[in-house]
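S.K.: structure of the sequence below:
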Amino acid sequence: QQFDGEAFARDLRGARDRTKPTEDEDRRHLLRIEVWTACLGLAGLLLAARGVFSPLAMIALGYYKYAKFAILAHHSLHGGWGRSRRGWFAQSITRRFLDWL
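M.R.: Model prediction:
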């Protein structure tokens, strides 16, 4: 049996198109991630504001920073949340270079 690269590519594109989320599903998913990220940041700040050593505050704030950069900012810069989601900071190579420093 010979491998048919064209048929394989068509099958992959078809699978991608059938499983791609709608705009509304994508927007709701992004909103859910933003809300959970904000909750982590708020919980970390409230725990840290008590004035005592709190490993839980450190973990919450660490996950907050990770989620803000690795999930939200990174995918926005690369157009993962749609081209309209890209902010002014991603419009020039100079700005992107400075943001990554």
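S.K.: next SSE after the lengthiest helix in the chain?
M.R.: Criterion DSSP state H: the longest helix present in the chain is helix 23-48. As assigned by DSSP states H and E, the chain's next helix or strand after helix 23-48 is helix 55-66.
S.K.: so which bits of the longest helix of the chain are buried?
M.R.: By 16 or more other Cβ atoms under 10 Å, the buried positions in helix 23-48 come out as Leu30, Thr37, Leu40, Gly41, Ala43, Gly44, Leu47, Ala48. All C-beta atoms are positioned from the backbone trio N, CA, C, and that covers glycine.
S.K.: so what's the nearest residue in space to the third one that is not next to it in sequence up against?
M.R.: So that's Leu40. Distances taken as Cβ to Cβ, 6 or more residues apart in numbering place Tyr64 nearest to Leu40, at 4.2 Å, with adjacent residues excluded. By Cβ atoms under 8 Å, 6 or more residues apart in numbering, Tyr64 lies in contact with Thr37, Leu40, Gly41, Gly44.
S.K.: returning to that earlier point: elements contacting the longest helix of the chain?
M.R.: On a contact count with 3 or more Cβ pairs under 8 Å, 6 or more residues apart in numbering; DSSP states H and E, helix 23-48 meets helix 55-66.
S.K.: average pLDDT for the helix it packs on?
M.R.: Averaging pLDDT along helix 55-66 gives 93.
S.K.: and that helix, which residues are buried?
M.R.: Ala57, Ala60, Leu61, Tyr63, Tyr64.
S.K.: any idea how far the third one is from Phe3?
M.R.: Looking back up the chat, that one is Leu61. When distance is defined by Cβ to Cβ, to the nearest Å, Leu61 is 51 Å away from Phe3.
S.K.: related to what we said a few turns ago, adding distance to Arg16, write the buried residues of helix 23-48 out as TSV.
M.R.: What follows is those, written out as TSV (distance: Cβ to Cβ, whole Å):
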residue	distance to Arg16
Leu30	20
Thr37	27
Leu40	32
Gly41	34
Ala43	37
Gly44	37
Leu47	42
Ala48	43
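S.K.: turn those residues into CSV, including distance to Ala70 and pLDDT.
M.R.: Formatted as CSV, the buried residues of helix 23-48 follow (distance: Cβ to Cβ, whole Å; pLDDT from 0 to 100):
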residue, distance to Ala70, pLDDT
Leu30, 14, 82
Thr37, 11, 90
Leu40, 13, 94
Gly41, 14, 93
Ala43, 19, 95
Gly44, 16, 95
Leu47, 22, 94
Ala48, 21, 93
